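**Q** Dropping the sequence and predicted coords here.
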Amino acid sequence: MSSIERRGVGTADPYYAQSVRSAELEADGWLLFAGLMILFTGFWNIFEGTLVFFRSGFFSSNPALFGLRTWAVIWIGFGVLEVAAAYGIMDGRNWARWFGIVIVGLSALAHMVSITAYPWWSLFILAIDIAILYALSVHWGRAVPPAEAT
């Protein structure tokens, strides 16, 4: 009997149980990646926002929309929300997944708009945000039914 047919049977086959465990570990690795990257970008956005208040000459020019100080407040706000989402994602909360997808998507849009002020770092964070969105939307762990005792 193939593994596809065996899924409907519900037996406690050690070979099948081992493949389920490896699939869970793979999903957990992607979640850990997403959580750590959101945590990293959240802390960086907080740092980047506070940097504007003390050394605004560090940035190339003004962003496309609003002033640099307005973007500082936006970056700090996104940073705090990303840190909160990261802790929820690493804890395996389902609400944190959706919250993280929304926050990271908005963060990617914010970095696209502010790319003129901080071009290379904005492109780097945009690439990281795309990888995080991939990890959160494709590799979320699925509920695995418990194996029946024989």
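**A** Done, it's in.
**Q** which residue sits closest to S137, ignoring its sequence neighbours?
**A** Spatial nearest neighbour of S137, excluding adjacent residues (CB to CB, 6 or more residues apart in numbering): I101 at 6.3 Å. In short, each C-beta sits where N, CA and C put it, glycine included.
**Q** That neighbour: helix or strand, and which one exactly?
**A** helix 94-113 (DSSP states H and E).
**Q** which helices and strands does that helix pack with?
**A** helix 14-54, helix 68-90, helix 119-138 (3 or more CB pairs under 8 Å, 6 or more residues apart in numbering; DSSP states H and E).
**Q** right, so of the ones you listed, which gets closest to H111?
**A** helix 119-138 (4.4 Å; CB to CB).
**Q** Can I get the closest one in CSV, CA atoms only?
**A** The C-alpha atoms that make up helix 119-138 are tabulated as CSV, following Å, rounded to 0.1, in the frame of the first residue of the first chain:
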residue,chain,number,x,y,z
PRO,A,119,18.0,53.0,-1.2
TRP,A,120,20.2,50.0,-0.5
TRP,A,121,18.8,49.1,2.9
SER,A,122,15.2,49.5,1.7
LEU,A,123,15.9,47.1,-1.1
PHE,A,124,17.5,44.6,1.3
ILE,A,125,14.5,44.9,3.8
LEU,A,126,12.1,44.5,0.8
ALA,A,127,13.8,41.3,-0.2
ILE,A,128,13.7,40.0,3.4
ASP,A,129,10.0,41.0,3.6
ILE,A,130,9.2,39.0,0.5
ALA,A,131,11.0,35.9,1.9
ILE,A,132,9.0,36.3,5.2
LEU,A,133,5.8,36.6,3.3
TYR,A,134,6.7,33.4,1.5
ALA,A,135,7.5,31.6,4.7
LEU,A,136,4.3,32.7,6.4
SER,A,137,1.9,32.0,3.6
VAL,A,138,3.3,28.7,2.2
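**Q** quick one on the thing from earlier: give me the buried positions along the helix holding I101.
**A** Across helix 94-113, burial judged by 16 or more other CB atoms under 10 Å covers 96-97, 99-101, 103-104, 106-108, 110-111, 113.
**Q** can you give me phi and psi for T116?
**A** phi -70, psi -30 (degrees, to the nearest 10).
**Q** quick one: pLDDT of it?
**A** For T116, the pLDDT comes out at 81.
**Q** neighbours around it, how many?
**A** 13 (other CB atoms under 10 Å).
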